[in-house]
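> Attaching a predicted model along with its sequence, questions to come.
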Amino acid sequence: GEEVAQTPKHLVRGEGQKAKLYCAPIKGHSYVFWYQQVLKNEFKFLISFQNENVFDETGMPKERFSAKCLPNSPCSLEIQATKLEDSAVYFCASSQRREDGEQYFGPGTRLTVT
Amino acid sequence: SQQGEEDPQALSIQEGENATMNCSYKTSINNLQWYRQNSGRGLVHLILIRSNEREKHSGRLRVTLDTSKKSSSLLITASRAADTASYFCATDAWTGSRLTFGEGTQLTVNP
């Protein structure tokens, strides 16, 4: 597609429950990025993929967060045993390396942990 | 962590006026991108300027980049109420790398 798609739009989980978020990058884009917006103005990088391979995972809290980008499937970000502090908006972005590197963002998934 | 600062944090102007937002960063960059975020929505890509460029235009947007001062500015001319949003700059170290965001400027354009 021509836009990055993210599902679900909203997700509510009780503390300790699992959360799984999905992202379909723009067709033909080989890089996928996940960012977390915790406060209104603060973005934190989590992980990036080049096709199905992890490219940079230095932002990921390793204990509870995992992510995948498998062929012919949406990419996913999974949080095991969610905590209150995981409440945030999670954005996925994609880019095409052959161009300048603009990253195009999806509408985000708002995760609320209660 | 955030790369740098945006200035001002908030800006309120009247429709038709120009709005200028500034962004500073700390490390060497490859590209600098500006994004708009309407309240509760995703990020809309506005413009990308490369480290070897000094100025770029797109419609009512004008972006400048001064790598010696590690700063960029976004000028929106003839602002409209629909321009009301938060504006973020974001830098990358090389094409394909993560973006590091500034803290954003909240722009309010009053009709």
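On my side now, so go ahead.
> Low-confidence regions, the chain specifically.
Looking at chain A here, since you left the chain open. Counting by pLDDT under 70, chain A contains low-confidence residues at A:1, A:98-100.
> Let me rephrase: I mean chain B.
Chain B contains residues with pLDDT under 70 at B:1-4.
> Return the residues of it in contact with chain A.
Residues of chain B lying close to chain A (C-beta under 8 Å from any C-beta of the partner chain) are B:1-2, B:30-31, B:33, B:35, B:41-45, B:48, B:50, B:86, B:88, B:90, B:92, B:95-101, B:103-104. Backbone N, C-alpha and C define where each C-beta goes, glycine included.
> any idea how far chain B is from residue A:39?
Taking C-beta to the nearest C-beta, to the nearest Å as the measure, residue A:39 and chain B are separated by 10 Å.
> What about that residue, how many residues nearby?
The number of residues packed near residue A:39 is 9, by other C-beta atoms under 10 Å in any protein chain shown.
> ok, now which ones touch residue B:9?
Residue B:9 sits next to B:103-106 when contact means C-beta atoms under 8 Å, 6 or more residues apart in numbering or on different chains.
> from the residues of chain B next to chain A, which would you call buried?
Listed as buried from the residues of chain B next to chain A are B:2, B:30-31, B:33, B:35, B:42-43, B:45, B:48, B:86, B:88, B:90, B:92, B:95-101, B:103-104; burial here means 16 or more other C-beta atoms under 10 Å in any protein chain shown.
> Which ones among the residues you listed map onto strands?
If you go by DSSP state E, these have B:31, B:33, B:35, B:43, B:45, B:48, B:86, B:88, B:90, B:92, B:100-101 in strands.
> who does the residue nearest to residue B:38 when sequence neighbours are not counted bridge with?
Once flanking residues are discounted, residue B:38 sits nearest to residue B:85: 4.7 Å by C-beta to C-beta, 6 or more residues apart in numbering or on different chains. Beta bridges link residue B:85 to residue B:107 when assigned by DSSP bridges.
> my read: residue B:85 touches residue B:39, true?
Yes - with contacts counted by C-beta atoms under 8 Å, residue B:85 reaches residue B:39, the gap being 7.5 Å.
> ok, now how distant is residue A:74 from residue B:81?
Distance, residue A:74 to residue B:81, by C-beta to C-beta, to the nearest Å: 36 Å.
> For residue B:85 and residue B:39, indicate the residue with more neighbours.
Remark: of residue B:85 and residue B:39, residue B:85 carries more neighbours, 19 against 9, as counted by other C-beta under 10 Å.
> Residue A:111 contacts residue A:90, correct?
Yes - Residue A:111 is in contact with residue A:90 according to C-beta under 8 Å; the separation is 6.2 Å.
> quick one: contacts for residue B:36?
Taking C-beta under 8 Å, 6+ apart, we find residue B:36 in contact with B:43-44, B:46, B:85-88.
> now do residue B:41
So residue B:41 contacts A:107-108 (C-beta under 8 Å, 6+ apart).
> just residue A:112 next, same as before
For residue A:112, the contact set (C-beta under 8 Å, 6+ apart) comprises A:10-13, A:87.
> now the helix or strand containing it: how far from the chain's centre is it?
According to DSSP states H and E, residue A:112 maps onto strand A:109-113. Computed by C-alpha atoms, centre = their mean, to the nearest Å, the chain-centroid distance of strand A:109-113 equals 12 Å.
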